[in-house]
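J.: here is a sequence together with a model predicted from it:
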Amino acid sequence: MSTNIDIKEFIKNNVKWIILFICLIGFLLIAEDVYAKEIMKKDIIGYYLVSRFLISDFATPIAKFITHFGGATCLILLTAIIFVAVKNKKVGISIALNLLIATTLNVVLKNILQRPRPNEFRLIDETGYSFPSGHSMISMAFYGFLIYLIYKYVKNEKIKIVLIIFLGFLIVTIGISRIYLGVHYTSDVLAGFLVAISYLILYSNIVKNFILERK
């Protein structure tokens, strides 16, 4: 009985680190397959589902529009607007620093693994390596950090819930748009999300202790 209580208490006190570990292991397992130059079943299944149920003349311009929210121009512009708008400049600095680190980490990972992009069904032109998806990874890091800040600082519960749901939905749809547009494999998007969650847990913890709450 005591052992069960201890385990539950340990999980409760360390849930974010357990999530970090699980996501990191998931990313490494996918990266190992990518390094071995394997096309995984999840890539074939993922594109089949998107192409079978989503691709249409109506959905294509929507996907092209949504994908811009994970692009460099949009994220830099949003960072600049938030930096000017927020009174607490520590928050603005932490958002800008987050974008810089996440982008750098993505570039490093892409150049280590050097996976070519899929080219069978591209609906837009895209350059650079494929793994992990930059739009997916950086969107998860950027908008995920905004979710953390909203949860931490927004007092109105209704506004907080609406913003968190909206940003969570935006992250997922950006990832799906990259598969839809044929510029990423499903594993690129999944790996981008997983490594970004691991990074985000670590980054938000460091920022909380050394920037946001520092006197």
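T.: The structure has been received and is ready for your questions. Numbers count the residues shown, from 1 in each chain.

J.: please report how far the residue most central in space within the chain lies from F166.
T.: A centroid search over the chain (CA atoms, centre = their mean) returns M140, at 2.1 Å, as the residue closest to the centre. Between M140 and F166 the distance is 15 Å, computed by CB to CB, to the nearest Å. C-betas here are computed from N, CA, C, even on glycine.

J.: what sits against G128?
T.: The contact partners of G128, taken as CB atoms under 8 Å, 6 or more residues apart in numbering, are K110, R117, G134.

J.: ok, the residues you listed vs I76, which is closest?
T.: Nearest to I76 out of the contacts of G128 is G134 (CB to CB; 13.5 Å).

J.: please report the distance of I66 from D125.
T.: Distance from I66 to D125, by CB to CB: 17 Å.

J.: out of those two, which sits in the busier spot?
T.: Comparing I66 with D125 by other CB atoms under 10 Å, the one with more neighbours is I66, at 20 against 7.

J.: helix or strand: which one has the more buried one?
T.: Following DSSP states H and E, the helix or strand that holds I66 is helix 59-67.

J.: now Y199: closest residue in space that isn't a chain neighbour?
T.: Closest residue in space to Y199, ignoring its immediate chain neighbours: A141 at 6.1 Å, by CB to CB, 6 or more residues apart in numbering.

J.: just the helices in this structure please.
T.: 2-13, 15-35, 41-53, 59-67, 72-85, 89-113, 134-153, 157-180, 186-207 (DSSP state H).
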